[in-house]
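**Q** Fold the following for me, if possible:
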Amino acid sequence: MSTTAIIQIVGIFLLSYQIVPGQLVAVAPRIPCPPQAVQTKSGRIAVSVPASAAEQEMLSQGIAPHGALLLMQPCDFISSNGWTPTPSILESNGQLYLYVRLDGEQIRFNTGIRPATTSHNEAAISEPSRRIADVDKLMGLPHVYGEQCCTQPKLRDEYTPAGKYKLAAAVVDFSNASPTVCNTSGRRQDTVINVTNNGKLTIEATKNGTTKSITVKGNAELIFANVPLDAVPGTASCGAGGGNSHNAAYLAMVVPCAQYKPCATSSPSNSVCAKQPVLIMSLPNTGSTDPSARSTAECSNNQWP
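**A** Model (predicted):
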């Protein structure tokens, strides 16, 4: 008997059917701490410099440093292999989560159900016009570029298979899942993914040739989040950044555009999320666990192109 797991995506995730043609992929970009000044033995001050134009572009946006997480409720956890979730300080409506920190993993889902011979994604590959229509019908998310989209949109290689997702904090393959979009009381557009399974769902992650996994109940409610470091358990903040809009991270992921056109019509979703995860973080410079001294990590997912 099949069951359905519900996955809500919170924060800076770029979703597209075109990063891997015909497959729904979510990419969380790395949003690092600013370069640190270090005094050398000679007494000189050295500052680490980003190695690539893509890294420099992300840092130039002046965004608060972020971290990527997979969160789950303790009652949903069954077992793990090489990847152990630990208690977090993050909560939603009083519910504390278990979490694992994500750091470049490529993630997929083992549902225990054999896929159909012809999947929705295979059909999308053979029908490009349908694929584009599906993106807009699916998402209801902000476009990376806003109201004007690039005539020849291109992601920087570091966020694609061509660049081995070098600057991705996490890459999630949702090709065997069914997505929708909802809003959290009008404040944030989230993507909600339904994953049908045989009663258990295994989240498998590969990094540097090593695979690890976590198995949860088939009806688990999971969250993938890419949120400010002040909301990430066990992580010392390296400063709040320049205070610029977090959405600017998406612009750093794309190659600068020479010519624009109106984006395909895509209205924000009016559907209210059934679950309203509010990831709590300490306000800068307080470190307080008092809810009155904390704020919520809020930022919409985006779609590309």
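
**Q** Any figure for the gap between Gln95 and Ser80?
**A** Separation of Gln95 from Ser80 (Cβ to Cβ, to the nearest Å) stands at 20 Å. Yep, even glycine has a C-beta here, placed from its N, CA and C like the rest.

**Q** remind me which residues of the stretch 151-300 of the chain are low pLDDT?
**A** 186, 233-237, 239-244, 265-266, 278-296 (pLDDT under 70).

**Q** ranges for the helices of it?
**A** 248-252 (DSSP state H, counting those that start in this stretch).

**Q** Which parts of it are strands?
**A** 168-173, 178-183, 189-197, 200-207, 210-217, 221-228, 260-262, 280-282, 294-296 (DSSP state E, counting those that start in this stretch).

**Q** Need the winner for burial among those.
**A** strand 221-228 (a mean of 25; mean count of other Cβ atoms under 10 Å).

**Q** ok, it: who's next to it in the sheet?
**A** strand 3-11 (parallel), strand 66-72 (antiparallel) (DSSP bridges).

**Q** Can you pick out the residue with more neighbours from Gln95 and Ser80?
**A** The neighbour comparison of Gln95 against Ser80 (other Cβ atoms under 10 Å) goes to Ser80, with 17 against 14.

**Q** confidence score at the more buried one?
**A** With respect to pLDDT, Ser80 scores 96.

**Q** Spatially, and excluding backbone neighbours, which residue is closest to Cys75.
**A** Spatial nearest neighbour of Cys75, excluding adjacent residues (Cβ to Cβ, 6 or more residues apart in numbering): Lys217 at 7.9 Å.

**Q** rewinding a little: between the strands of the stretch 151-300 of the chain, which one is closest to Val272.
**A** strand 178-183 (6.1 Å; Cβ to Cβ).

**Q** Give the other helices and strands that the closest one contacts.
**A** helix 128-139, strand 189-197 (3 or more Cβ pairs under 8 Å, 6 or more residues apart in numbering; DSSP states H and E).

**Q** measure the closest residue to Pro32 other than its chain neighbours to Cys33 for me?
**A** With sequence-adjacent residues excluded and distances taken as Cβ to Cβ, 6+ apart, Pro32 is closest to Pro65, at 5.9 Å. Noted for Pro65: a distance of 5 Å to Cys33, by Cβ to Cβ.

**Q** ok, the two, which is more surrounded?
**A** More crowded of Pro65 and Cys33, by other Cβ under 10 Å: Pro65, with 20 against 15.

**Q** what's the distance between that one and Ala249?
**A** When Pro65 is compared with Ala249 (using Cβ to Cβ), they lie 11 Å apart.

**Q** What of Leu222?
**A** In terms of Cβ to Cβ, Leu222 sits 22 Å off from Ala249.

**Q** before we move on, the earlier item: of the strands paired with strand 221-228, which approaches Val27 most closely?
**A** strand 66-72 (10.2 Å).

**Q** Okay, angle between the closest one and strand 168-173 too, please.
**A** 40 degrees (axes from the mean of the first three to the mean of the last three Cα atoms, to 10 degrees).

**Q** residues contacting Arg30?
**A** Taking Cβ atoms under 8 Å, 6 or more residues apart in numbering as the criterion, Arg30 is in contact with 58, 66, 167-169.

**Q** ditto for Val192
**A** So Val192 contacts 6-9, 179-182, 273-274 (Cβ under 8 Å, 6+ apart).

**Q** tell me which of the residues you listed is nearest to Glu204?
**A** For the contacts of Val192, with Glu204 as the reference and Cβ to Cβ as the criterion, the closest is Ile7, at 14.2 Å.

**Q** Show the pLDDT at the closest one.
**A** At Ile7, pLDDT is 94.

**Q** can you pull up the bridge partners for it?
**A** Ile193, Leu222.

**Q** quick revisit: relative to Arg108, which of the contacts of Arg30 is nearest.
**A** After measuring the contacts of Arg30 against Arg108 - Cβ to Cβ - the closest member comes out as Ala168, at 14.3 Å.

**Q** Next up, the contacts around Asn198.
**A** 2-3, 111-113, 218.

**Q** Now do the shared contacts for Pro65 and Ala249.
**A** Both Pro65 and Ala249 are contacted by Ile31, under the criterion Cβ under 8 Å, 6+ apart.

**Q** Quick check: buried residues in stretch 20-40?
**A** 20, 22-32 (16 or more other Cβ atoms under 10 Å).

**Q** Now the two most distant members of those residues.
**A** Of all pairs in these, the most separated under Cβ to Cβ is Gly22 and Pro32 at 31.4 Å.

**Q** still on that earlier bit, so the residue nearest to Cys75 bridges to which residues?
**A** Lys200.

**Q** ok, it to Met253 distance?
**A** 34 Å.

**Q** And Glu221, by the same measure?
**A** 28 Å.

**Q** So which bits of stretch 90-109 are buried?
**A** By 16+ other Cβ under 10 Å, the buried positions in stretch 90-109 come out as 90-92, 97-102, 104-109.
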